[in-house]
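1. got a sequence here, can you build the structure:
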Amino acid sequence: MVSKTYGASTYGVDASIITIEVNVMQGTKVFMVGLADSAVKESEQRIESSLKHYGYKMPRQKTLVNLAPADVRKEGSAYDLPIALGILKASEQIFSEELEKYLIMGELSLDGELRPIKGVLPIAIEARKRGFKGFVLPKDNASEGAIVNNLDIIGVSNIQEAIDFFEGNLKITPLVANTRDIFFTTQNEYEADFSNVQGQENIKRALEIAAAGGHNVIMIGPPGAGKTMLAKRLPSILPPLTLHEALETTKIHSVAGKLGKAMGLIAQRPFRSPHHTISDVALVGGGGNPQPGEISLAHNGVLFLDELPEFKRTVLEVMRQPLEERKVTISRAKISVEFPANFMLIASMNPCPCGYYNHPEKECVCPPGAVQRYLNKISGPLLDRIDLHIEVTPVSFDQMTSNRPSESSEQIRKRVIKAREIQTERFKNHKGIYSNAMMPSQMVKDICQISQAGKTLLKTAMEKLGLSARAYDRILKVARTIADLAGSEDIKIEHLAEAIQFRSLDRENWAG
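-> Numbers count the residues shown, from 1 in each chain. This next block holds a predicted model:
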C-alpha cells in the first residue's frame, strides 16, 4: 500500500513542499530515495525506536520511502514525523484519511517525544499558500507557527498524540495568536535605555543623528569610555519595526533556529554583536545548505562590531557589497540563495594598540607609527561606507556622580521618528530608498543643495582639515539628516558645520 504525507524544506528564507511517499511491499529492509542526507537516512533508527515505545511495529517487509521532488537535496531531522506516520499508514497500522490534508514536521527522540525544528514560520506561510488545512508540528514551535492566520496550528508533544489526532481519538484545539496584539505590546520593550547614561551628550547626539538617517557609525575611544554601552542602547531609539519588517526579521531567525521556544514574532529591532574571531562565512552566511549569517540576522536592526581592527581583514572586506546592496547572495553549484541584509553598522575601536592615544589624562606608550598601522587594519573602501566618525572621551567623576536627569530613549526616539517620516515622504517615489544614508551620489546632488555660504564653508573645511574627497557626499548626507531633525527644509550653515566634525578619520595627520 502506498501512503502520502507532506513536509517542507527551506531554501534561503522561503520554503518548498516535499511529498513523502511510502510503499510497503514484498522484500526486506528500508530504502530512502530522493537525495536524503545522513540525518534523514538515520531517521529509520529513531522511527523504529519511537514506534516500539508506543506498541507499534516497524514493517518487516521492504519499505520504500521517496522524498519528492527527487532531484532536490533534503537535509535535517525534521522529516522524522511525516515519514513515521507514512510508514504506519502504508503498513495499515493507522487508517486516517486526514494525513494528506496537513503539512507535518517534527524530529523524534527515541521515546517518541518531539523536539523543536527550524524554519517553522516560512514553512507555515508556504502551507497556507498551498491550501493545506493545517500544520502539525512540535508543541515547542506552535507559538511561532501561530503567527500565520487561516491555518490550523496543531502542536503535539509526541508521536502518539499525532496518531490519536489523525485517527480522531484526540481533539486538539488549533493554537491561535493575535499577531497584532503580540507585536504592538512588545515592540517598545528594551532592557537598555539612554536615561541610564550619565554625560556623553555629544555621543548621544551623534547616535541620534545616525538613527534618524540610518547612517553607519564608528566610535573611537579609550577602554572604558562607554562605546559598547552606548552601542547597545542604539536599537531603543530606532523607529519601531513595522509588521512587515517584523515578519521578515522573524523568518530569518526562524530559518537560522534562533527563535526561543516561547517566542513567536520578533517585535524589537535585532542587535547582533559577533566576536572578533568570527569567520567570513559565519558573518555573511553560507554552508552546503546556505544559512543566514550575522549580517542577515541583523536585518532591520544593528550589527555591532566591537574592536573593529581585531577582526580578520577578509571578514571585514566581505561586508562591503552587502553594505551597498542591502542583501547578500550565496551561490552554489545547484542553488543560489538571497538573504536580506539591511542593517546599520556600528563599530568601535581603540585609537591605538594600548588604547590611550589622544587620552586627556593617560599617556600613549605605543612606538612611532603604531597608531597609523593600527588604523590601517581598516581598509579605505570599508571606511568609505561609514558616515559618522565619533571620538568618545572618558566620563569624568563629576558626570558619573551627577544626579542630573538624562534624556530617555523614548524622548530621543520621538525626534528620530519625526525625521524618518520626513524621509519617507521624500523618497516615496524612489524604490528601495528609505533613509538619507541610502541615497546614491546623483541623488545627493539633487536633494542636498547648499547655499553659496555653505559651499564656502565646506571648501574651507576640506582644505584646512585635509578631508578626503570621499568625505564630501557623507558630509552632505549627514547634514541633510541634521536638517531633518531640526525640521528645516534647507541645509543651513550650522547643519553643515555639525556634520563636518563627524569626519575625524578623514583628517590628514589624525594619527600623528
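2. mind giving me the packing neighbours of the one helix or strand residue 495 maps to?
-> Using DSSP states H and E, residue 495 sits in helix 493-500. Contacts defined by 3 or more C-beta pairs under 8 Å, 6 or more residues apart in numbering; DSSP states H and E place helix 493-500 against helix 452-464, helix 471-485. To be clear about C-beta, it is placed using only N, CA and C from the backbone, and glycine gets the same treatment.
3. minimum distance to residue 431: which of those helices has it?
-> Of all the helices and strands packed on helix 493-500, helix 471-485 sits nearest to residue 431, with 19.0 Å by C-beta to C-beta.
4. now do the closest one, average pLDDT.
-> For helix 471-485, mean pLDDT is 92.
5. show me which residues of that helix are buried.
-> Across helix 471-485, burial judged by 16 or more other C-beta atoms under 10 Å covers 471-485.
6. next one: stretch 160-179
-> 160-166, 172, 175, 177, 179.
7. cool, stretch 313-326 as well?
-> 315-316, 318-319, 322-323.
8. quick one: low-confidence ranges for the stretch 401-512 of the chain?
-> 401, 469-470, 507-512 (pLDDT under 70).
9. one more time with 80
-> 401-405, 465-471, 504-512 (pLDDT under 80).
10. who does the top strand by length along the chain touch, helix- and strand-wise?
-> Counting residues, the longest strand found in the chain (DSSP state E) is strand 14-25. Helices and strands touching strand 14-25, by 3+ C-beta pairs under 8 Å, 6+ apart, are strand 2-11, strand 62-68, helix 80-90, helix 120-129.
11. next SSE after the last one?
-> Counting by DSSP H and E, the element after helix 120-129 in chain order, helix or strand, is strand 134-138.
12. helices or strands up against that next one?
-> strand 102-104, helix 120-129, strand 152-156.
13. want to throw these into a markdown table with mean pLDDT, mean neighbour count and distance to residue 203?
-> As requested, these are exported to a markdown table (pLDDT from 0 to 100; neighbours: other C-beta atoms under 10 Å; distance: least, C-beta to C-beta, whole Å):
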| stretch | mean pLDDT | mean neighbour count | distance to residue 203 |
| --- | --- | --- | --- |
| strand 102-104 | 98 | 27 | 50 |
| helix 120-129 | 96 | 24 | 37 |
| strand 152-156 | 97 | 22 | 45 |
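14. do you know which of those lies nearest residue 292?
-> helix 120-129 (11.7 Å).
15. the stretch 351-500 of the chain: strands as residue ranges?
-> 388-391 (DSSP state E, counting those that start in this stretch).
16. residue contacts, the residue nearest in space to the middle of the chain?
-> In the chain, the residue lying closest to the centroid (C-alpha atoms, centre = their mean) is residue 297, at 2.0 Å. By C-beta atoms under 8 Å, 6 or more residues apart in numbering, the residues touching residue 297 are 252-253, 256, 258, 270, 272.
17. same question, residue 156
-> 106, 114, 136-139, 162, 165, 172.
18. if you set the cut-off to 6 Å instead, what comes out?
-> residue 162 (C-beta atoms under 6 Å, 6 or more residues apart in numbering).
19. in strands, which of the buried residues of stretch 160-179 appear?
-> Short answer: the buried residues of stretch 160-179 have none in strands (DSSP E).
20. with distance to residue 377 added, can I get those residues in CSV?
-> Shown next, in CSV, are the buried residues of stretch 160-179 (distance: C-beta to C-beta, whole Å):
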residue, distance to residue 377
160, 58
161, 56
162, 55
163, 59
164, 61
165, 58
166, 60
172, 57
175, 50
177, 47
179, 45
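21. the residues you listed in helices, which ones?
-> Those of the buried residues of stretch 160-179 mapping onto helices are 160-166, 179, per DSSP state H.
22. if we can go back for a sec, closest to residue 403 among the buried residues of helix 471-485?
-> Residue 403 lies nearest to residue 485 out of the buried residues of helix 471-485, by C-beta to C-beta, at 28.0 Å.
23. check the gap between the closest one and residue 199 for me.
-> Relative to residue 199, residue 485 is positioned 21 Å away (C-beta to C-beta, to the nearest Å).
24. one more: residue 226?
-> 8 Å.
25. go on, residue 317?
-> Residue 317 sits 36 Å away from residue 199 when distances are taken as C-beta to C-beta.
26. same question for residue 160.
-> Taking C-beta to C-beta, one finds residue 160 at 61 Å from residue 199.
27. could you do residue 78 as well?
-> On the measure of C-beta to C-beta, residue 78 and residue 199 end up 51 Å apart.
28. in the stretch 101-250 of the chain, where is pLDDT below threshold?
-> For the stretch 101-250 of the chain (pLDDT under 80), the answer is 178-191.
29. list the residues that contact residue 454.
-> 493, 496.
30. swap that for residue 93, please
-> residue 56.
31. where does it land in three-state SS?
-> coil (DSSP: H, G, I helix; E, B strand; the rest coil).
32. per-residue pLDDT of it, please?
-> Residue 93 is assigned a pLDDT of 95 by the prediction.
33. how about residue 299?
-> So residue 299 comes in at 95 (pLDDT).
34. do I have it right that it meets residue 340?
-> Yes - proximity of residue 299 to residue 340 meets the contact threshold set by C-beta atoms under 6 Å, at 4.9 Å.
35. quick one, which of those two is more surrounded?
-> residue 299 (26 against 20; other C-beta atoms under 10 Å).
36. what is the neighbour count of residue 436?
-> When neighbours are counted by other C-beta under 10 Å, residue 436 registers 31.
37. for residue 109, see how far away the spatially closest residue to it that is not a sequence neighbour is.
-> Once flanking residues are discounted, residue 436 sits nearest to residue 213: 4.0 Å by C-beta to C-beta, 6 or more residues apart in numbering. Residue 213 is 50 Å from residue 109, where distance means C-beta to C-beta.
38. these two: which is more packed in?
-> The residue with more neighbours, out of residue 213 and residue 109, is residue 213; 27 against 15, by other C-beta under 10 Å.
39. if we can go back for a sec, quick one: mean pLDDT for the longest strand of the chain?
-> 95.
40. how many residues are close by residue 285?
-> 25.
41. what sits closest to it if chain neighbours are left out?
-> Per C-beta to C-beta, 6+ apart, closest to residue 285 is residue 293, 3.5 Å.
42. in this structure the one you found contacts residue 287, no?
-> No - between residue 293 and residue 287 there is no contact under C-beta under 6 Å: 9.4 Å.
43. look at the two and report which has more neighbours.
-> Applying other C-beta under 10 Å to residue 293 and residue 287 shows that residue 293 carries more neighbours, namely 27 against 13.
44. give me the phi and psi for the more buried one.
-> phi -100, psi -170 (degrees, to the nearest 10).
45. same check on the one 3 residues further on?
-> Recorded main-chain torsions at residue 296 are phi -80, psi -30, according to degrees, to the nearest 10.
46. neighbours of residue 354, how many?
-> Neighbour tally, residue 354, other C-beta under 10 Å: 19.
47. now swap in residue 238 and tell me
-> Residue 238 has 25 nearby residues by other C-beta under 10 Å.
48. what of residue 311?
-> 23.
49. test my guess that it contacts residue 276.
-> Yes - using C-beta under 6 Å, residue 311 is in contact with residue 276, at 4.8 Å.
50. follow-up on the earlier one: just put the contacts of residue 297 in CSV and tack on distance to residue 101, pLDDT and secondary structure.
-> Output for the contacts of residue 297, formatted as CSV (distance: C-beta to C-beta, whole Å; pLDDT from 0 to 100; DSSP: H, G, I helix; E, B strand; the rest coil):
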residue, distance to residue 101, pLDDT, secondary structure
252, 29, 95, helix
253, 29, 94, helix
256, 30, 92, coil
258, 31, 89, coil
270, 36, 93, coil
272, 39, 96, strand
